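K.L.:
please work out how this folds:
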Amino acid sequence: MAGLPLRLFNTLGRELQQFVPLEAGRVHIYTCGPTVYAYQHIGNLRAYVFADTLRRVLEWKGYEVTHVVNITDVGHLTSDMDEGEDKLELASREEARSVWDIAAHYTGAFLDDVAKLRVLPPAAWAKATDHIHEMVEFARVLEAKAYAYKIPAGLYFDTAKVRDYGKLALLDLAGLQEGARVAPTPGKQNASDFALWRASPADATRLMEWESPWGPGAPGWHLECSAMSMKCLGERFDIHTGGVDHIPVHHTNEIAQSEAYLGGPWVPFWLHNEFINLRQAKMSKSRGGTLLLSDLEQQGFHPLSYRCFLLASHYRNQTEFTWRGLEGARVAQRRLLERLAERSARATGPLTHEQAADRLDGPGRAHLERLDEAISNDLNTPQALALLAQASRSPELGAEGLRTLAGAFEAILAIGLLDLMPQDVEPPVRELLLAPAEVDQLLGERDDARRQVDFTTADAIRRMLERLGVEVRDTPGGTIWKLRTAVTARKASEGDAQ
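P.N.:
Numbering: from 1, shown residues only. The predicted model follows:
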């Protein structure tokens, strides 16, 4: 494939490994998708931007990629440890709508969000409720191989039969004690055993249930992903992705049941993204304390500015979301778009590594090689963004060379280098009680404070101006400022402004 070998951090082994596909030139990826019982908050969306970036890098290097993302519309309980209610059934009662309406509504909202973030559509959105037959047949095989046993609660997987159970999460099975966090399930043989099929209560009918050899009920969450991924991608495929929260239970159990089913190794590469920490962000209490992509839009942020925010941090780093951090990503994005527009160098189309290399020589080729080096090192998108900023300022690159590089960067980053103009990522116009003369006066006071080494006052003035929509930049030639929003002077200040 084009460029340097791709090295990825494999959670299965906890090390950087050179990626080699099972089939030359082709890559098959499965991503654990959303449970569609509620809106996906901005932290949830990181997993899909990460998986999309991985796919884009592989395609950029010349691989043919088949990507599948599941939609969990049944089976995910309120506790990942096979306890509690199905999240869809709980949401159905709380919102007084059918489970099917709940699933359809929140699936639609999720698809809208990832489209706004320029996440490429996968080969399939695999819905759990469309694959019940495959799940039942998968569980049948496990039972026939004596990896499963039936109890009143349903059909359970016997983890004691798997010698290396917990290898992904490095679990200490001897330290697991059922009952420390949840009540034990009657008949369950080991604390780590998990449900393949959850039997419906004898005295009740679930809102979502199907017939099975073990009686009416619903599939276990872990069973769903194993059955659907094998149906869509084949029994063995290259990469499985998800959030770090999937490691200790969901992905651990997927590996155990899948390798028992196959009688040998399953997926060689497991990639996981870290959390976005939302503690410092003000939450919308009407939405259960979550922050949605639509909330960012209501505050005037383009969805691709949030994509820039995500890419500015490595996918394996836990990242703190702050409004200031998002504003910083927006400003960096806008300045980049400005430089490309000023140099008539906006990308005319996304370009693979090979396509860009054929069009570049000299300085342009050197920039492309640095991009390849960064992205081949476990998808180092923060470095890729820094390299793009450097290239946009490079005097040695002509407009055509920069256009070509922009196309190569856009193929990986998808931040709007093809179609966005600087004004597209500006916040909406609003009225401010400030006149241009007052901005100059405040900046004069800030300069005086800086000369007197009173940086507390200087910083306070700058922060106040930023809150009012005034962007302040200190340059070798002095302080300059730019309005991010339209400014309407107060009538009382009109005379002073003149």
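
K.L.:
count residues in the vicinity of residue 483, would you?
P.N.:
By other C-beta atoms under 10 Å, the residues close to residue 483 number 15. Every residue, glycine included, has its C-beta placed from N, CA and C.

K.L.:
run a quick neighbour tally on the residue lying closest to residue 118 once chain neighbours are set aside.
P.N.:
Of all residues not flanking residue 118 in the chain, residue 414 sits nearest, at 4.2 Å (C-beta to C-beta, 6 or more residues apart in numbering). Here the number of neighbours of residue 414 (other C-beta under 10 Å) works out to 21.

K.L.:
residues touching residue 414, list them.
P.N.:
Contacts for residue 414 were tallied using C-beta atoms under 8 Å, 6 or more residues apart in numbering; they are 52, 56, 118, 304, 307.

K.L.:
what does residue 481 show for phi and psi?
P.N.:
The phi/psi pair for residue 481 (degrees, to the nearest 10) reads phi -140, psi 160.

K.L.:
go on, residue 151?
P.N.:
Torsion angles at residue 151 (phi, psi; degrees, to the nearest 10) stand at phi -130, psi 170.

K.L.:
and if you look at residue 272?
P.N.:
Dihedral angles (degrees, to the nearest 10) for residue 272: phi -130, psi 140.

K.L.:
pretty sure residue 479 sits against residue 471.
P.N.:
No: applying C-beta atoms under 8 Å as the test, residue 479 and residue 471 come out as separate, 11.2 Å apart.

K.L.:
can I take it that residue 419 is in a helix?
P.N.:
No: assigned with DSSP: H, G, I helix; E, B strand; the rest coil, residue 419 falls outside any helix and is coil.

K.L.:
just say helix, strand or coil for residue 65.
P.N.:
strand.

K.L.:
beta partners of residue 217?
P.N.:
residue 199, residue 210 (DSSP bridges).

K.L.:
so how far is residue 146 from it?
P.N.:
Relative to residue 146, residue 217 is positioned 21 Å away (C-beta to C-beta, to the nearest Å).

K.L.:
neighbour count for the two, which is higher?
P.N.:
Between residue 217 and residue 146, counting by other C-beta under 10 Å, residue 217 is the more crowded of the two (21 against 10).

K.L.:
name the helices or strands packed onto the helix or strand where residue 49 lies?
P.N.:
Element membership for residue 49, per DSSP states H and E: helix 46-60. Judged by 3 or more C-beta pairs under 8 Å, 6 or more residues apart in numbering; DSSP states H and E, the packing partners of helix 46-60 are strand 26-31, strand 64-71, strand 239-243, strand 269-273, helix 303-311, helix 399-413.

K.L.:
contacts for the fifth one, please.
P.N.:
In other words, helix 303-311. 42, 45-46, 49-50, 53, 113, 116-118, 276, 293, 296-297, 319, 321, 325-326, 329-330, 332-333, 381-382, 384-385, 413-416, 420, 425.

K.L.:
ok, stretch 159-175 next?
P.N.:
11-12, 14, 146-147, 189-190, 192-194, 247-249, 251-252, 255-256, 259-260, 270.

K.L.:
that older thread, so how far is residue 57 from the residue nearest to residue 118?
P.N.:
Residue 414 sits 11 Å away from residue 57, going by C-beta to C-beta.

K.L.:
ranges for the strands of the stretch 151-300 of the chain?
P.N.:
For the stretch 151-300 of the chain, applying DSSP state E, counting those that start in this stretch gives strands covering 154-157, 194-199, 217-219, 239-243, 269-273, 276-277.

K.L.:
mind putting those in CSV, distance to residue 163 and mean pLDDT included?
P.N.:
Shown next, in CSV, are the strands of the stretch 151-300 of the chain (distance: least, C-beta to C-beta, whole Å; pLDDT from 0 to 100):
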stretch, distance to residue 163, mean pLDDT
strand 154-157, 14, 96
strand 194-199, 17, 95
strand 217-219, 26, 94
strand 239-243, 21, 97
strand 269-273, 19, 98
strand 276-277, 36, 92
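
K.L.:
which one of the ones you listed lies nearest to residue 454?
P.N.:
Of all these, strand 276-277 sits nearest to residue 454, with 33.7 Å by C-beta to C-beta.

K.L.:
what's near enough to touch residue 220?
P.N.:
75, 82, 154, 194-198.

K.L.:
circling back to that earlier point, so how far is the helix holding residue 49 from its chain's centroid?
P.N.:
The chain centroid and the centroid of helix 46-60 are separated by 9 Å, computed with C-alpha atoms, centre = their mean, to the nearest Å.

K.L.:
what's the answer for stretch 160-168, then?
P.N.:
In this view, stretch 160-168 has its centroid 29 Å away from the chain centroid, taken as C-alpha atoms, centre = their mean.

K.L.:
name the residues that touch the helix or strand residue 150 falls within?
P.N.:
Assigned by DSSP H and E, residue 150 falls within strand 148-151. In this structure, residues lying in contact with strand 148-151 by C-beta under 8 Å, 6+ apart are 139, 142-143, 155-158, 185-189, 196, 214.

K.L.:
can you tell me which of those are classed as buried?
P.N.:
139, 142-143, 155-158, 185, 188, 196, 214 (16 or more other C-beta atoms under 10 Å).

K.L.:
ok, residue 247 touching residue 274?
P.N.:
No: checked against C-beta under 8 Å, the pair residue 247 and residue 274 is beyond contact range at 11.0 Å.
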